[in-house]
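Q: I'll drop the sequence and a predicted model, then ask my questions.
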Amino acid sequence: MMLGASRWFCLGGMLLLVAGCYAGGEPYVEPKTSACEPLASVEAPIELGSVLGVGEAADGTVYLMDRVDLSLRVFVSRGNELVRVLVSGEGTLYDAGVETNLASFERDGVDVTLGVEAGATTRIAVGAGIVRSFEEVLASGEELTVVPDTAVEDYVLRNLPGDMEVEYVAGVETGERLVVIRPTDDWTYDDFRLFIGEPELLVERQIASVVRARDGGSTWIRFEFHGETAELSVPVTGPATMTTGTATYAVELLQPENITTLSFECLENRKPPNSPPPDGGA
């Protein structure tokens with residue numbers, strides 16, 4: 001397909017031959033990027049939130065539950081470390097002035113649930129399986145010895161490993177390759193990152209917004225591309241496309257198995273996008 005609009009003269013290899021492109025009469029300057037490995041796991045720093053309870057099991061294992069932004073987190077001791085585990089399910093119950101928080105996670109390949117019951121006194125228990133009440137946690141496991149929050153001050157906090165997940169790998173009709181990634185765990189749409197360029201070198205572009213519908217995953221990503229706003233559209237049904245200006249190009253979704261062979265450059269001053277929450281429509 002011929003690239004008829006003059007706004008596209010910066011695509012592909014021609015970008016290497018010019019210092020800038022023009023949009024609306026103003027010179028456009030490409031943002032600063034540098035070589036990077038965006039797929040590498042990076043453990044983020046972590047601090048405790050509102051601690052709901054700390055308990056010690058008979059074998060000396062310490063469990064801690066805290067709350068951050070309405071979400072429950074669980075830490076389990078390992079030597080002198082308190083290691084955050086991935087919570088697979090959580091819930092909070094209120095009954096007659098008693099608040100019960102339950103968080104399920106996997107340990108040694110088995111589902112377990114940590115429960116913290118706070119009323120006139122605090123009780124903590126850990127039990128087998130994914131259960132829905134503090135009594136069920138007690139019935140399937142062990143009540144822990146409640147210890148003060150200060151008991152964990154000498155522990156080193158460890159976060160989730162910070163692995164990255166590939167959302168999309170795609171080929172654009174113009175010849176570009178496109179990759180969208182996000183963290184595997186603990187992510188929001190602000191964490192999405194988009195790279196596009198020649199197959200041998202993909203350059204990160206600033207994302208303006210990410211919208212995902214509640215239809216199973218239809219996604220629209222707007223991003224800055226050579227001085228214009230482009231949009232990647234990946235519907236659940238129907239073909240994926242990339243639009244910039246008045247031109248729309250076909251996008252073919254590819255398998256990501258060879259993505260580790262690609263080279264990347266990351267934005268040096270990436271800003272979080274302005275992404276609304278998912279809704280029932282577009």
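A: Received, thanks.
Q: Where does the residue positioned nearest the centre of the chain sit: helix, strand or coil?
A: Geometric centre of the chain, nearest residue: residue 187, 2.4 Å, by Cα atoms, centre = their mean. Counting by DSSP: H, G, I helix; E, B strand; the rest coil, the backbone at residue 187 sits in coil.
Q: Can you read off the pLDDT for it?
A: On the pLDDT scale, residue 187 is placed at 89.
Q: and it, what is it in contact with?
A: Listed by Cβ atoms under 8 Å, 6 or more residues apart in numbering, the contact set of residue 187 reads residue 165. From N, CA and C alone the C-beta is placed, and that goes for glycine too.
Q: Any figure for the gap between it and residue 257?
A: 22 Å (Cβ to Cβ, to the nearest Å).
Q: now the strands for the stretch 151-282 of the chain?
A: 156-158, 164-172, 177-183, 193-198, 201-205, 207-212, 219-225, 228-234, 240-244, 247-254, 264-267 (DSSP state E, counting those that start in this stretch).
Q: Skip the chain neighbours and tell me the closest residue to residue 136.
A: residue 127 (6.8 Å; Cβ to Cβ, 6 or more residues apart in numbering).
Q: Pairing partners for the one helix or strand the one you found maps to, with directions?
A: Assigned by DSSP states H and E, residue 127 belongs to strand 122-128. Sheet pairing of strand 122-128 (DSSP bridges) gives strand 110-118 (antiparallel), strand 141-146 (antiparallel).
Q: among those strands, which is nearest residue 178?
A: strand 110-118 (37.3 Å; Cβ to Cβ).
Q: and residue 135, what element?
A: Assigned by DSSP H and E, residue 135 falls in helix 134-140.
Q: list the contacts for residue 133?
A: 93, 100, 102.
Q: just to confirm, which helix or strand has the last one in it?
A: In other words, residue 102. Residue 102 belongs to strand 98-107, assigned by DSSP H and E.
Q: got the angle for that strand vs strand 122-128?
A: If you take axes from the mean of the first three to the mean of the last three Cα atoms, to 10 degrees, strand 98-107 sits at 30 degrees to strand 122-128.
Q: So which residues make contact with the strand holding residue 127?
A: Here strand 122-128 has contacts from 53-55, 57, 63, 65, 110-117, 134, 136-144, 146, using Cβ under 8 Å, 6+ apart.
Q: Report the buried residues of that strand.
A: Applying a neighbour-count criterion of 16 or more other Cβ atoms under 10 Å, one finds 123, 124, 125, 126, 127, 128 buried in strand 122-128.
Q: The last one and residue 87, how far apart?
A: Relative to residue 87, residue 128 is positioned 16 Å away (Cβ to Cβ).
Q: how's this structure carved up into domains?
A: 29-42+162-267, 50-158 (automatic domain parsing).
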